[in-house]
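Q: What follows is a predicted structure for the sequence shown.
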Amino acid sequence: MKRLMLCALIGASGVAIAAPPFSERPEFLQGSLQSTWYDGVTNDLLTAGLGASGLQNPAPPAFDDALNPTPAELRRLAIYNNYRALVNTVPGGGYGSFFGPGVDSDGDGLIAGYEYLAYMTVPGSDIPVTVMAQVPDNFDPRRPCLVTAPSSGSRGIYGAIGTAGEWGLKKGCAVVYTDKGTGTGAHNLATNMAQRIDGTLTPADEPVQFRADLSGQERADFNADWPDRFAWKHAHSGANPEADWGRHVLQSIEFGFYVLNERYGRALSNGETLATIRPRNTLVIASSVSNGGGASVRAAELDDRGLIDGIAVSEPNLNPVVDRSFTIRQGDGPVISDHSRSLLDYTTALAVYQGCANQAPGIRDQAPLNTLFNPPGVGENICQSLAAKGLVTGVTVEEQATDALKILNEDFSIQPEQNLLAPVHFGLSVAQGIVVTYANAYGRAGVEDRLCGISLASTDAFGAVTPLSPTSEAALFATSNGIPPTGGVNLVNDVAVGQPTLLAASVSASSGLADHGLDSLLCLRALATGQDPVTGDPLTGEQALWSDRIAAGISAVRASGDLQRKPAVFVTGRADAILPINHTSRPYVGLNRRVEGKHSGLRYYEILNAHHLDVLNGFPGIAEHYVPLHHYYFQALDLLWEHLTKKRPLPPSQVVRTVPSGSLATPLAEANLSVIRAEPAPEDQIVFTGNQLRIPE
């Protein structure tokens, strides 16, 4: 059917500017568009029919046939896992009282409506990016609103369902999602199995989320040398997807307008459709958390067509352009000028030093779950290996660990508030998985390159490579977070002593110790910095070439700080142990003030006793000491909504002083969760003055 293109808009200069034809199928869409209506009783948009109680149930929904799950079963499990990965559903932690599908909604929180799913690409790349729009049945085309929900982390298309998705759907807004070119996208190189858009597996030559760019012979040769390995979309697509995250979000907005006009546009007598839902009559909020939040910020920076009205994000992953003309200072602490390090820089440092730092006095025995996630022996070995290489000082393990912790807190300006949480993240291989994925992505490496001798595979109880079980592979779409180790696929050290071994259990050739594959982690550190971390010498040969490629990839993801005067709200936890705030949110706020000056519309709320992964608040030892950042993310969205719809001023930037419950037996109450204040006390205000971002203690 033909579509009627909108008339051109007239720009401020008087020159006609072609407007996007929001009633025409966007050219960036690839293949067919899937559309499904959910009745809000047996199935729905937000909870896949599970409801608030089903999402809280610790027993995940099962498949009728574990080897052949249906698309509906995969969707249900994906929504269950993605929701629970970002939101603490343990009783007493705020779920069901401050947030959750059942809060401020009828019944168990099921939401009826249409879900649209498709692939898209960005110019210059043929790697499929998944895009989805959810339109609740109570969407009002007379007062249209749209919220972006790019996935958190490297998750698949449902990766922001419990964050921006829940808030937007409850408001009656359409919500547009994208996996940002990440997602599971797992390619089993041994069997050639890959995932369709609905998560089901196929070895056939048909549209899939990702297959490695290898010929049949190249794949056979690789399998002969490295059997049972996987290629992963974020790591091995060769596309550096982060460089295009902003474009992915802008395209998802265009996709949202298209499906809304398909549904609500005015039908004309000649069979054409007039787009009636357009940016100028639709409230558009760019949102999400972590990587998704960073993607929405980048979209706002690139938005030269007025698609976005405001931004509300939580703990955004941003690599701000380095600007040393301003500094950061918390209270009377040190002045920080070495801010804005790249994600790969500070995360390789965490991967190298944190395992040793876990043994420091005050951390070893006090950090929650440290001994559970970091068995005795490995940390000591890491300290010994670092000391032998001259990377830490001290004779005893405690002295070496203290120096490792000092390096992270002082040399890398990583907040001491994160010290008690970092051991859990190290034990879960968070930093290790990030550096492997992002080094490959920034360098546009293929799976065959095996940067620093690390590959991806399932491993057995002894750490040896083994085929992934068929049932685990069948469920990967619903169980993977997009960055191994995940879904049964682990990081493998191919250059370990003896044989390829699980990285965490591997023995390094240089030390002969089981030191968590420190040789490979130091190699990744070298690629991130361009110099040998032991000798300090510049890299040469192939290493130098990879380092240059990675540096170019990092340059391509730097954020400009220019939000084009749009109103914006950031909330970030001071104890963030994944995205250190002196290199992400804080310097972005300073950069934005340098770029936009008095015209800046950005407000920054730093939440005390809050961190990156609320799901950890469900664990004993953590629950008593932290509050849900998720609660403040929803507050930020509410504040922006009130600002955009009722012209209420956004509260000034401020530190929010919360009061953890102190006991698992004490549920969180309003007294624990201080509000973001319209008029914060002077001693709580965050200000930019004298080319310094001042943060209250």
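A: Perfect, thanks for sending it.
Q: can we go C-alpha only for contacts and neighbour counts from here?
A: Noted.
Q: how far out from the middle of the chain is the helix or strand containing A544?
A: Per DSSP states H and E: A544 is located in helix 541-555. In terms of Cα atoms, centre = their mean, to the nearest Å, the gap separating the centre of helix 541-555 from the centre of its chain is 23 Å.
Q: Show me what that helix packs onto, helices and strands only.
A: With contacts taken as 3 or more Cα pairs under 8 Å, 6 or more residues apart in numbering; DSSP states H and E, helix 541-555 sits against helix 430-442, helix 518-529.
Q: The last one packs against which elements?
A: Put plainly, it is helix 518-529. helix 343-357, helix 430-442, helix 541-555.
Q: Check what contacts it and list those residues.
A: 344-345, 348-349, 351-352, 382, 385, 432, 435-436, 439, 451-454, 493, 508-510, 532-533, 539, 543-544, 546-547, 550-551 (Cα atoms under 8 Å, 6 or more residues apart in numbering).
Q: hey, C-alpha coordinates of it in PDB?
A: Output of helix 518-529 as PDB, limited to C-alpha atoms (Å, rounded to 0.1, in the frame of the first residue of the first chain):
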ATOM      1  CA  LEU A 518      46.600 -13.100  34.900                       C
ATOM      2  CA  ASP A 519      48.800 -13.300  31.800                       C
ATOM      3  CA  SER A 520      45.700 -13.000  29.600                       C
ATOM      4  CA  LEU A 521      44.200 -10.200  31.700                       C
ATOM      5  CA  LEU A 522      47.500  -8.300  31.600                       C
ATOM      6  CA  CYS A 523      47.500  -8.700  27.800                       C
ATOM      7  CA  LEU A 524      44.100  -7.100  27.600                       C
ATOM      8  CA  ARG A 525      45.300  -4.300  29.900                       C
ATOM      9  CA  ALA A 526      48.200  -3.800  27.400                       C
ATOM     10  CA  LEU A 527      45.800  -3.500  24.500                       C
ATOM     11  CA  ALA A 528      43.700  -1.000  26.400                       C
ATOM     12  CA  THR A 529      46.600   1.300  27.200                       C
END
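Q: tilt between that helix and helix 430-442?
A: 50 degrees (axes from the mean of the first three to the mean of the last three Cα atoms, to 10 degrees).
Q: buried set for helix 518-529?
A: Across helix 518-529, burial judged by 16 or more other Cα atoms under 10 Å covers 518-529.
Q: list the contacts for N43?
A: Neighbour list for N43: 49-50, 110, 112 [criterion: Cα under 8 Å, 6+ apart].
Q: mind running it again at 7 Å?
A: For N43, the contacting residues are G49, by Cα atoms under 7 Å, 6 or more residues apart in numbering.
Q: any idea how far A72 is from it?
A: From N43 across to A72, the span is 9 Å (Cα to Cα, to the nearest Å).
Q: repeat for L372
A: 36 Å.
Q: Neighbour count: the two, which is higher?
A: Each of L372 and A72 has its neighbours counted (other Cα atoms under 10 Å); A72 has more, 14 against 11.
Q: picking up where we left off before, now the helix holding A544: average pLDDT?
A: Computed over helix 541-555, the mean pLDDT rounds to 98.
Q: repeat for stretch 53-72
A: On average, the pLDDT along stretch 53-72 is 98.
Q: mind listing what's buried in it?
A: Within stretch 53-72, the residues that count as buried by 16+ other Cα under 10 Å are 54-56, 61, 63, 68-70.
Q: now do the same end-to-end measure for that stretch.
A: From its first residue to its last, stretch 53-72 covers 19 Å (Cα to Cα).
Q: so how far is that stretch from its chain's centroid?
A: For stretch 53-72, the distance to the chain centre is 24 Å (Cα atoms, centre = their mean).
Q: List the contacts of that stretch.
A: For stretch 53-72, contacts defined as Cα under 7 Å, 6+ apart pick out 73, 77, 80, 89, 108, 198-200, 470-471, 474.
Q: Out of these, who's the most crowded?
A: Most surrounded of these: other Cα under 10 Å gives Y80, at 28 neighbours.
Q: Now it. Nearest residue, chain neighbours left out?
A: L55 (5.8 Å; Cα to Cα, 6 or more residues apart in numbering).
Q: sorry, back to before: dump the C-alpha coordinates for the next helix or strand after the helix holding A544 into PDB.
A: The element immediately downstream of helix 541-555 (helix or strand, assigned by DSSP H and E) is strand 568-573. Coordinates of each C-alpha in strand 568-573 appear next as PDB, following Å, rounded to 0.1, in the frame of the first residue of the first chain:
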ATOM      1  CA  ALA A 568      17.700  15.600  31.400                       C
ATOM      2  CA  VAL A 569      17.900  13.700  34.700                       C
ATOM      3  CA  PHE A 570      20.700  11.300  35.700                       C
ATOM      4  CA  VAL A 571      20.500   9.100  38.900                       C
ATOM      5  CA  THR A 572      23.600   7.100  39.900                       C
ATOM      6  CA  GLY A 573      24.600   5.200  43.000                       C
END
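Q: Buried residues, strand 568-573. List them.
A: Those buried within strand 568-573 under the rule 16+ other Cα under 10 Å are 568-573.
Q: likewise stretch 488-504?
A: 488-497, 500-504.
Q: again with stretch 348-368
A: Using 16+ other Cα under 10 Å as the test for burial, stretch 348-368 gives 348-360, 363-364, 367-368.
Q: List the contacts of it.
A: 370, 379-380, 382-383, 398, 401-402, 404-405, 420-421, 423, 426, 431-432, 435, 518, 521-522, 524-525, 621-622.
Q: Strands of the stretch 151-300 of the chain, start to end?
A: Per DSSP state E, counting those that start in this stretch, the stretch 151-300 of the chain carries strands over the ranges 174-178, 186-188, 194-195, 201-202, 230-232, 266-267, 273-274, 283-289.
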